[in-house]
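1. what shape does this take:
(one chain, ligands or ions: 1)
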Amino acid sequence: MTSILRVLYDTISCYWLTPRRIKKIMAGQGVTGPKPRPLTGNILEISAMVSQSVSKDCDSVHHDIVGRLLPHYVTWSKQYGKRFIVWNGTDPRLCLTETELIKELLMKHNGVSGRSWLQQQGTKSFIGRGLLMANGQDWHHQRHLAAPAFNGERLKGYARHMVECTTRLVERLRKEVGKGGGEVEIGEEMHQLTADIISRTEFGSSFEKGKELFNHLTVLQRRCAQATRHLCFPGSRFLPSKYNREIKSLKKEVERLLIEIIQSRRDCAEMGRSSTHGDDLLGLLLNEMDSHKNKNNDNNNLQLIMDECKTFFFAGHETTALLLTWTMMLLADNPTWQEKVRDEIREVCGCDGLPSVDQLSKLTSLNKVINESLRLYPPATLLPRMAFEDIKLGDLIIPKGLSIWIPVLAIHHSEELWGKDANEFNPERFGGKPFAPGRHFIPFAAGPRNCIGQSFAMMEAKIILATLISKFNFAISKNYRHAPIVVLTIKPKYGVQVILKPFDS
Ligand code: HEM
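-> Reported below is the predicted structural model:
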């Protein structure tokens, strides 16, 4: 009975009491927004505006995409200014674009902000309590455990997998484009490649099993995304709906495979066949976990390691694949920059174009191109944070329970911040002094909760792009339809078709 009352109280508090309190406090500070409808808030308006704006392809390859992808943001920021409230159902969200306030939030208030209950619910079945969704002390502990896996020396070790997987792809593409007309959908290739790399980085010799597991995880992620489009309330995941049953059985299979991999690692260490659990990401997590071992908590530790493995796959492969895909599109559309980057790679890395880790920092033009690609097409289009306490942010009081949404895409395309050519591809803008963290270039977020895999992703992107650019000339195919869409990340709706022409090896 008490638990039923608890669920009832949580539901009323979540849907009624907290939103009412927040609305009142924000209105008192002059922050309002479009009028919400009961239960659905502004969701229906937003989805109608987005469906309308993405219903057609862009008429040319241009990057003026904010109006297409965030039409509601454009409309409401004109009407309500730089801060306004949008209602996601009964959940109020403050849209914040003032860079000083964003910096303050990300750098100073990490301890009292984090993932909301709704966000955690939406991802619980596929990444669980992993680093991306953790809060408070748990987040602190997990970040501390995972950090050594991304230090400089470790990264150098992962580079081997990146070079090997990319070399295999180059060989396959050479054969394929030799046979066919040379057209390749590069988006799918980049997804396969980054999935291969993260599987090898995480699981080393257990890579094949790791890939099988990640295939299931990808399906699981899609099902969870479909399920969150349905009403989500405290306790809803226990209902025996079609989605919940399918999600439960996929999750079971993913965890069965993970337990097999982890157990065989532990057996090897216990039988004395190896002194550590290995130097791949899983091995490092197991070693770190053992050095902080609490015997009473073995089951919790196992679940945490599984959640972390799933999190790194989820957070690490699609984002990097999209960065690579959009960069290939931009370079295919800008042959002058493609040539400039190729000349630089040949000069720094020699004729075979395979870069060593130490050469990567010398590829400055490539670095500018990657940054410009992250600016125009940031894979993470927005950064969500929830206030766990009342927070003083600049002149604003952010009440406990309010979600803050930072629209990275809109900030990256703002003419006020970047100048009149904000929507143009101009890598040279990154030639000057580096951008202050937490200001207007935030593809990896900023502050203590920034992307832990940032250096991994940049190293991976440089190795893959340097190799592909030195081995192939590429141009946009006439079959390419420029139609970016946002489904969590910015994706090309129909992929990116390029014509590859191999250089003689
Ligand atoms: C181009 C590639 C990538 C982009 C654009 C990117 C972007 C981001 C962003 C914006 C965040 C912050 C999210 C937020 O606070 O709401 C984040 C967090 C995170 N990223 Fe990445 N990421 C990339 C690659 C990677 C890779 C390769 C890995 C791992 C191998 C990774 C693992 C993570 C994890 C675990 C977090 C959560 C960190 C925390 O909460 O402490 N990411 N990423």
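2. what about the helices in the stretch 101-250 of the chain?
-> 117-127, 136-146, 152-179, 186-203, 207-228, 242-270 (DSSP state H, counting those that start in this stretch).
3. now render these as a markdown table, adding mean neighbour count and distance to A410.
-> Using the backbone N, CA and C atoms, a C-beta is placed for each residue, glycine as well. A markdown table is the format used below for the helices of the stretch 101-250 of the chain (neighbours: other C-beta atoms under 10 Å; distance: least, C-beta to C-beta, whole Å):
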| stretch | mean neighbour count | distance to A410 |
| --- | --- | --- |
| helix 117-127 | 19 | 20 |
| helix 136-146 | 15 | 27 |
| helix 152-179 | 15 | 32 |
| helix 186-203 | 23 | 24 |
| helix 207-228 | 18 | 23 |
| helix 242-270 | 15 | 32 |
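4. what's the closest of those helices to the ligand?
-> Nearest to the ligand, of all these, is helix 136-146, at 5.0 Å by C-beta to the nearest ligand atom.
5. is the ligand contacted by the closest one?
-> Yes. For helix 136-146 and the ligand, the contact criterion (C-beta under 6 Å from any ligand atom) is met by R143.
6. and the stretch 401-505 of the chain, which residues reach the ligand?
-> Residues of the stretch 401-505 of the chain lying near the ligand (C-beta under 6 Å from any ligand atom): P443, F444, A445, R449, C451, I452, G453, F456, A457.
7. check the fifth one and give its pLDDT.
-> In this case it means C451. C451 is assigned a predicted lDDT (pLDDT) of 96.
8. go on, the third one?
-> Here, the pLDDT recorded for A445 equals 95.
9. and it, which of the three is it?
-> Secondary structure, DSSP: H, G, I helix; E, B strand; the rest coil: A445 is coil.
10. now the stretch 301-450 of the chain against the ligand: closest residue?
-> G316 (3.0 Å).
11. that residue - how many residues pack around it?
-> 23 (other C-beta atoms under 10 Å).
12. dump the residue contacts of it.
-> G316 sits next to T194, I198, G453, F456, A457 when contact means C-beta atoms under 8 Å, 6 or more residues apart in numbering.
13. circling back: figure out which of the helices of the stretch 101-250 of the chain is closest to V348.
-> helix 152-179 (15.3 Å; C-beta to C-beta).
14. and the closest one, what does it pack onto?
-> Applying 3 or more C-beta pairs under 8 Å, 6 or more residues apart in numbering; DSSP states H and E, one finds that helix 152-179 makes contact with strand 183-185, helix 186-203, helix 454-471, strand 497-502.
15. so is it next to the ligand?
-> No. Judged by C-beta under 6 Å from any ligand atom, helix 152-179 makes no contact with the ligand; its nearest approach is 9.0 Å.
16. if you average pLDDT over that helix, what comes out?
-> 90.
17. by how many degrees do it and strand 497-502 diverge?
-> With axes from the mean of the first three to the mean of the last three C-alpha atoms, to 10 degrees as the basis, helix 152-179 and strand 497-502 are set at 90 degrees to each other.
18. if we can go back for a sec, could you dump the helices of the stretch 101-250 of the chain to TSV with distance to L69?
-> Output for the helices of the stretch 101-250 of the chain, formatted as TSV (distance: least, C-beta to C-beta, whole Å):
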stretch	distance to L69
helix 117-127	20
helix 136-146	30
helix 152-179	30
helix 186-203	17
helix 207-228	17
helix 242-270	27
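19. what's the least confident stretch among these?
-> Taking the mean pLDDT of those, helix 207-228 comes last: a mean of 79.
20. how about the nearest residue to G204 once chain neighbours are set aside, phi and psi?
-> The shortest distance from G204 to any non-neighbouring residue, by C-beta to C-beta, 6 or more residues apart in numbering, is to D280 (3.7 Å). With angles defined as degrees, to the nearest 10, D280 sits at phi -80, psi 180.
21. which residues touch D280?
-> R200, T201, E202, F203, G204.
22. gap between the residue of the stretch 301-450 of the chain closest to the ligand and F150?
-> 10 Å (C-beta to C-beta, to the nearest Å).
23. so how far is stretch 452-466 off the chain centroid?
-> 14 Å (C-alpha atoms, centre = their mean, to the nearest Å).
24. got the buried residues for that stretch?
-> 452-453, 456-466 (16 or more other C-beta atoms under 10 Å).
25. closest to S77 out of the residues you listed?
-> Using C-beta to C-beta, A457 comes nearest to S77 of the buried residues of stretch 452-466, at 29.7 Å.
26. so for the closest one, what's the pLDDT?
-> For A457, pLDDT reads 97.
27. just checking, it touches C451?
-> Yes. A457 is within contact range of C451, at 7.2 Å (criterion: C-beta atoms under 8 Å).
28. closest residue of this structure to the ligand?
-> For the chain, C-beta to the nearest ligand atom, closest residue to the ligand: G453, 2.2 Å.
29. state the pLDDT value of the closest residue to that residue other than its chain neighbours.
-> Leaving aside its chain neighbours, G453 sits nearest to G316 (5.2 Å; criterion: C-beta to C-beta, 6+ apart). Note on G316: pLDDT of 86.
30. gap between S356 and L193?
-> S356 is 19 Å from L193, by C-beta to C-beta.
31. for the helix or strand harbouring the residue nearest to G453, which positions count as buried?
-> Assessed by DSSP states H and E, G316 sits inside helix 298-333. Across helix 298-333, burial judged by 16+ other C-beta under 10 Å covers 301-302, 304-333.
32. equivalent analysis for stretch 392-408, please.
-> Here stretch 392-408 shows L393, L396, I398, P399, G401, L402, S403, I404, W405, I406, P407, V408 as buried, counting by 16+ other C-beta under 10 Å.
33. who are the packing partners of the helix or strand containing N473?
-> N473 belongs to strand 472-476 when assigned by DSSP H and E. Under the contact definition 3+ C-beta pairs under 8 Å, 6+ apart, strand 472-476 sits against helix 298-333, helix 335-349, strand 497-502.
34. lowest average confidence across these, which one?
-> The stretch with the lowest mean pLDDT among the helices and strands packed on strand 472-476 is helix 298-333, at a mean of 90.
35. quick one: low-confidence ranges for the stretch 401-505 of the chain?
-> 434-438, 505 (pLDDT under 70).
36. for the stretch 351-500 of the chain, what spans make up the strands?
-> Assigned by DSSP state E, counting those that start in this stretch, the stretch 351-500 of the chain shows strands spanning 383-387, 391-393, 396-398, 403-406, 472-476, 484-487, 489-492, 497-502.
37. from the contact counts, what lies against the second one?
-> Using 3+ C-beta pairs under 8 Å, 6+ apart as the contact criterion, the secondary-structure elements in contact with strand 391-393 are helix 99-108, strand 396-398.
38. is the longest one up against the ligand anywhere?
-> No. Judged by C-beta under 6 Å from any ligand atom, helix 99-108 makes no contact with the ligand; its nearest approach is 8.2 Å.
39. and that helix, how far out from the chain middle?
-> Distance, centroid of helix 99-108 to centroid of chain: 20 Å (C-alpha atoms, centre = their mean).
40. repeat for stretch 424-443
-> 19 Å.
41. kindly report the same for stretch 402-415.
-> 15 Å.
42. would you mind writing the CA trace of that stretch as PDB?
-> Extracted in PDB, the C-alpha atoms of stretch 402-415 (Å, rounded to 0.1, in the frame of the first residue of the first chain):
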ATOM      1  CA  LEU A 402      13.700  23.000 -13.900                       C
ATOM      2  CA  SER A 403      15.400  21.500 -17.000                       C
ATOM      3  CA  ILE A 404      17.700  23.800 -18.900                       C
ATOM      4  CA  TRP A 405      18.200  23.100 -22.600                       C
ATOM      5  CA  ILE A 406      21.200  24.600 -24.300                       C
ATOM      6  CA  PRO A 407      20.600  24.500 -28.100                       C
ATOM      7  CA  VAL A 408      24.200  23.900 -29.300                       C
ATOM      8  CA  LEU A 409      23.200  23.900 -33.000                       C
ATOM      9  CA  ALA A 410      21.600  27.400 -32.700                       C
ATOM     10  CA  ILE A 411      24.600  28.800 -30.800                       C
ATOM     11  CA  HIS A 412      27.000  27.400 -33.400                       C
ATOM     12  CA  HIS A 413      25.100  29.100 -36.200                       C
ATOM     13  CA  SER A 414      24.500  32.400 -34.500                       C
ATOM     14  CA  GLU A 415      25.500  35.400 -36.600                       C
END
